[in-house]
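Participant: A predicted structure for the sequence below; I have some questions about it.
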Number of protein chains: 4
Amino acid sequence: MASDYSDILEKAYQRTKALNDEGKLATYIPELANVDPDMFGIHMTTTEGLELGNGNYLEKFSLQSIVKVLTLTLAYKILGEKIWGRVGVEPSGTKFDSLILLETNHGIPRNPFENSGAIVICDILISNLNDANKDFLAFVRELSNLPDLNYSEKIASSEKAGGYRNVAMCNFIKSFGNIENDPTEVLDFYFNICSLEMNCQQLAQTFTFLANGGRKLSDQKEIISPSQSKRINALMLTCGFYDESGEFAFKVGLPGKSGVGGGIVALYPHNYAIAVWSPKLNPKGNSYKGMKFLEELTTYSELTIF
Amino acid sequence: MASDYSDILEKAYQRTKALNDEGKLATYIPELANVDPDMFGIHMTTTEGLELGNGNYLEKFSLQSIVKVLTLTLAYKILGEKIWGRVGVEPSGTKFDSLILLETNHGIPRNPFENSGAIVICDILISNLNDANKDFLAFVRELSNLPDLNYSEKIASSEKAGGYRNVAMCNFIKSFGNIENDPTEVLDFYFNICSLEMNCQQLAQTFTFLANGGRKLSDQKEIISPSQSKRINALMLTCGFYDESGEFAFKVGLPGKSGVGGGIVALYPHNYAIAVWSPKLNPKGNSYKGMKFLEELTTYSELTIF
Amino acid sequence: MASDYSDILEKAYQRTKALNDEGKLATYIPELANVDPDMFGIHMTTTEGLELGNGNYLEKFSLQSIVKVLTLTLAYKILGEKIWGRVGVEPSGTKFDSLILLETNHGIPRNPFENSGAIVICDILISNLNDANKDFLAFVRELSNLPDLNYSEKIASSEKAGGYRNVAMCNFIKSFGNIENDPTEVLDFYFNICSLEMNCQQLAQTFTFLANGGRKLSDQKEIISPSQSKRINALMLTCGFYDESGEFAFKVGLPGKSGVGGGIVALYPHNYAIAVWSPKLNPKGNSYKGMKFLEELTTYSELTIF
Amino acid sequence: MASDYSDILEKAYQRTKALNDEGKLATYIPELANVDPDMFGIHMTTTEGLELGNGNYLEKFSLQSIVKVLTLTLAYKILGEKIWGRVGVEPSGTKFDSLILLETNHGIPRNPFENSGAIVICDILISNLNDANKDFLAFVRELSNLPDLNYSEKIASSEKAGGYRNVAMCNFIKSFGNIENDPTEVLDFYFNICSLEMNCQQLAQTFTFLANGGRKLSDQKEIISPSQSKRINALMLTCGFYDESGEFAFKVGLPGKSGVGGGIVALYPHNYAIAVWSPKLNPKGNSYKGMKFLEELTTYSELTIF
């Protein structure tokens, strides 16, 4: 199987690399617009320990919304099922920063991966941790075996400077009573978590716990229960790609999560986690080449969850 | 494994049977309100040929929306990928008969399983078959090995009599140009397909082709390609349960499709198809006990696609 | 005053005539697309009996939505205030044929002038008259002193042929229970009333009762009470121009009603009714030159209700 | 006429006073909940100088949204017609603090009287005045002949403390680029203007300029042009009562503006301005008795703009 994956990855990598990149750099976070648009890297970590990387897989990039899986993981670990009283588990059918459904649903976000839901998860962590910024960072450091991982102040302040839509969203939810803490504190934490940076290798390795029944691969320590792990995977499948989640399930057939930094992480449960990065985004806000690469990958491998 | 499934099914069946049924009979199709509300049956057919039934699994019920998977299968088989120019692949985030997103999307339904999308699929079949009513029936008869299967005139006319919402929807889509045929003809066909009846055993057996890479189990004949089969499964997972699709993926973790007749069919690819029937529906329009049973099943078996 | 009006009308007429007409002919009713696009006529009838016409004011045109004021008048006369249980009195804030608010409001149209509301008024007339088609025609014939007035079969069938959006709307309302009769019968009547034709002179004369406290000008017979007359005027001001009602109140400052045939009728209570016709429509579906002319008129006269 | 008004006012006052007040005190601004709920006062000032007051017409109350007519007046005076590039003139058809239409309209509020529109007007004043807080206060002081008028710090901070919805709205508009200044500064000014207090007599006198062609009654000084005055009146008629504007036009038939403090001001152009105050609000957020009183008034007087 190892050599199989190696061949398939190589083929999918080369085919995608050759594509004309029709995507565009994210512009609403000014700092992200400074990234080299031609970066393209991939890395797969299998549950059997195989590591396969290609292209710019050792270059760091901004995780952005990908981190929302990790904040959810920590909040779910702490609160258990009662977390779902604060945020739903349904796809939204609208753009990632829409306020319309939030109004209809009286301040309960549709799911923990749209911006509004991720903001509510941040509020939950602040209420349940001593020092959310410090404690969440410690959690990710341990999960990723990256003791030097830090928030990027430059990215966080760049997003903060123009984040009027997120300020609107957080205050809107607060007006419905579904934010407990001060909106400014919640948003500062939110901008911090989104600013974390990893390279493809680190990202794939970090997410292997979700391909491994909730256990960290390196030491088999249980991060969350197998059932919680399955449920987070289900959420990634139905809600991981904003208004393109159905398309991703349809064409790629794996649970995954994208970020406007151009990264995507996807999982084949019991088999592997894979990270891909290419900064130019399609009109739905997902990495253009990242989506194409994963589509090629599962077309060649014929291995999807369906 | 055979005995495993048998024990698990028995346990899940007994536990669900003992539950207080909080659902309510569908009332908007008068004929459906005449069904014995206490019916409860299950049947599993594995890809290895094992057949396991329990309760009222040999009683026929109205398939209703479950059939939309079969109309989609036939239309997809005929048109291939160009079918997606007429209907999307995204979950809708709204109730199954909402017209709001249809207006926003200029008459392109979000997916082939919400009513509007299924109506467009019916229109496609009328345009591409000699006699849609006859030819679709022949297709399902062969797929199910049920040569005597017929539309239920009683159910079809009962739905037709009160189907103002569907008339509205079909004409609304026509006003955007996404219906080619006469709305009355399209709706007559639509009400016919929804009126098909099977029992749990027949339903599970019919759907095994989707757990078998697109091949009919009894003779391994290819109905659709493996890739098409995966994609239909992906659509069932993201869109098969109206506004409760995320919840089903989250709690059950299998592709599936429900109908207001109280039936649900679900699949574990490469393993089995399972049908469950209990007529009383939860507030989202899905079988109350059907949902509970499948949740029990995958909790005990610990086997889901995630 | 008579000569004043004469000068003002002449000035406003000439200025508007000289304008480049940026409007476009309505195309969704095929028969309306055959009209000479350069027609432009105006006619004022004052409550003191003065008659002032200019341009093509003796050419007939299709009244379309303008007639909705007359169906409302008859229904209001018959039912009194209980009519407002079936239809609201609020502007809609959306396009004239939107179904979104109708869904939010559970089938109660926002007001009697948007298509959905006018359809409900037609349903009310069918339920409350022996023969709605005949009786409504008789009502308008008497009101207008036009004993030979007839529905235009050509226009009615032209609209019917492509009226899928209206079929959708009527069935949608029926699904909420706010249509009592058969949707086909209601729509046939609706298409009939919209097909009435008058010239500017006839239209202005017909509407003088609303500038005359509810009394027909020629014989002072009470059609509706003064209070009802005021209320219909208020509705024309807030809801008479679809999504441009605020703009019309703002720029023209008179109650009025437009139709996609390019006609507009407006009233200065206690003073005059005025009709203007020019078939090319602005993007909101109102006569381009008609709107401009009325704006010029009230700018020169400095006489508005505000 | 003077004695006529006197009788009519007395009759309408007594009838309304005797009504069971079905309204409820506003609770979302805590300070407003401390008001004596039984207060009921009215005051009319005619353009001929007649002054008629009754009940608690000398008790001050919080003007809240009524002030939005005065910020609009000043902004319109400064910018002229180009103001309408920043805010529309159409009724909204939704609740006063809805964000839905704002999203559809890309940050351009429907009209200057809904909260979003009033916030944009505040932003315009900040950009165009040396010191918006001071200069606007000076403008109202002169208009009202109340040199000691001041913002109420208590009310302003009470509203600020719970004003998450307004923070959301302002930042949401900023995200579309339709707010030039810092959202916090804009909102501070917005909460200040809403905190102004007058009694019924002062309020009626202040608004007489809109019944007097834009000229201040006491010295006939032109505040705004006659055309601008008419247009502001038109806006009050179509948009002055949130989602109940059509109802007010329909039942009362005068331009007016309400506030959640329980005050309403209305105008009969060329005749009078009238203020009424009663703190308990109907479900649409308008004074229950205030609406009833004005309905009685125009029913008895038979004098409306229609």
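Facilitator: That came through fine.
Participant: and residue A:180, what does it touch?
Facilitator: A:123, A:126-127 (CB atoms under 8 Å, 6 or more residues apart in numbering or on different chains). Yep, even glycine has a C-beta here, placed from its N, CA and C like the rest.
Participant: I'd like to know which of these are part of strands.
Facilitator: In this view, the contacts of residue A:180 have no member that belongs to strands under DSSP state E.
Participant: format those as JSON lines; extra columns: neighbour count, pLDDT and distance to chain D.
Facilitator: As requested, the contacts of residue A:180 are arranged in JSON lines below (neighbours: other CB atoms under 10 Å in any protein chain shown; pLDDT from 0 to 100; distance: CB to the nearest CB, whole Å):
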{"residue": "A:123", "neighbour count": "27", "pLDDT": "98", "distance to chain D": "13"}
{"residue": "A:126", "neighbour count": "22", "pLDDT": "98", "distance to chain D": "17"}
{"residue": "A:127", "neighbour count": "15", "pLDDT": "98", "distance to chain D": "17"}
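Participant: from the residues you listed, which land in helices?
Facilitator: Counting by DSSP state H, the contacts of residue A:180 place A:123, A:126-127 in helices.
Participant: ok, the residue in the stretch 1-150 of chain A that chain D sits nearest to - how many residues close by?
Facilitator: At 4.8 Å from chain D, residue A:99 is the closest residue in the stretch 1-150 of chain A, using CB to the nearest CB. Close neighbours of residue A:99, defined as other CB atoms under 10 Å in any protein chain shown, add up to 24.
Participant: may I see the buried residues of stretch A:151-161?
Facilitator: A:151-152, A:155-156, A:158-160 (16 or more other CB atoms under 10 Å in any protein chain shown).
Participant: give me the nearest residue to the residue of the stretch 1-150 of chain A closest to chain D, chain neighbours excluded.
Facilitator: Closest residue in space to residue A:99, ignoring its immediate chain neighbours: residue D:99 at 4.8 Å, by CB to CB, 6 or more residues apart in numbering or on different chains.
Participant: for residue A:256, phi and psi?
Facilitator: Backbone torsions for residue A:256, taken as degrees, to the nearest 10, come to phi -160, psi 170.
Participant: hang on, isn't residue A:114 packed against residue A:238?
Facilitator: No. Using CB atoms under 8 Å as the test, residue A:114 is too far from residue A:238 to be in contact (11.8 Å).
Participant: ok, back up a step: need the contacts of residue A:180 in JSON lines (columns: distance to residue B:67).
Facilitator: Listed next are the contacts of residue A:180 as JSON lines, based on distance: CB to CB, whole Å:
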{"residue": "A:123", "distance to residue B:67": "44"}
{"residue": "A:126", "distance to residue B:67": "49"}
{"residue": "A:127", "distance to residue B:67": "47"}
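Participant: and residue A:142, what pLDDT?
Facilitator: If you check residue A:142, the pLDDT there is 98.
Participant: where's it, which helix or strand?
Facilitator: Residue A:142 is part of helix A:132-144, with elements assigned from DSSP states H and E.
Participant: identify the residues contacting that helix?
Facilitator: So helix A:132-144 is contacted by A:67, A:70-71, A:74, A:122, A:125-126, A:129, A:146-151, A:189, A:192-193, A:196, A:198, A:202, A:205-206, A:209, A:216, A:223 (CB under 8 Å, 6+ apart).
Participant: buried by neighbour count, from those: which ones?
Facilitator: For the contacts of helix A:132-144, buried by 16+ other CB under 10 Å: A:67, A:70-71, A:74, A:122, A:125-126, A:129, A:149, A:151, A:189, A:192-193, A:196, A:198, A:202, A:205-206, A:209, A:216, A:223.
Participant: before we move on, back to that, contacts with chain C among the contacts of helix A:132-144, please.
Facilitator: Restricting the contacts of helix A:132-144 to those touching chain C (CB under 8 Å from any CB of the partner chain) yields no residues.
Participant: and the residues you listed, which of them are in strands?
Facilitator: residue A:198.
Participant: so of the contacts of helix A:132-144, which ones are in helices?
Facilitator: Per DSSP H, the subset of the contacts of helix A:132-144 in helices is A:70-71, A:74, A:122, A:125-126, A:189, A:192-193, A:202, A:205-206, A:209.
Participant: and which of those residues is nearest to chain B?
Facilitator: Closest to chain B, out of all of the ones in helices among the contacts of helix A:132-144 and judged by CB to the nearest CB, is residue A:209, at 13.4 Å.
Participant: any idea how far residue A:76 is from the closest one?
Facilitator: 13 Å (CB to CB, to the nearest Å).
Participant: again, but for residue A:287
Facilitator: For residue A:287 relative to residue A:76 (CB to CB), the value is 26 Å.
Participant: for those two, indicate the residue with more neighbours.
Facilitator: Neighbour count, other CB under 10 Å: between residue A:287 and residue A:76, residue A:287 has more, with 27 against 22.
Participant: which non-adjacent residue is nearest the more buried one?
Facilitator: Nearest to residue A:287 is residue A:262, by CB to CB, 6+ apart, at 4.5 Å.
Participant: so which residues of chain A form helices?
Facilitator: Going by DSSP H, chain A shows helices at A:2-17, A:68-79, A:100-104, A:115-128, A:132-144, A:153-162, A:164-175, A:183-194, A:200-211, A:226-239, A:245-251, A:288-301.
Participant: quick check: which ranges of chain A have low pLDDT?
Facilitator: A:1-3, A:93-97 (pLDDT under 70).
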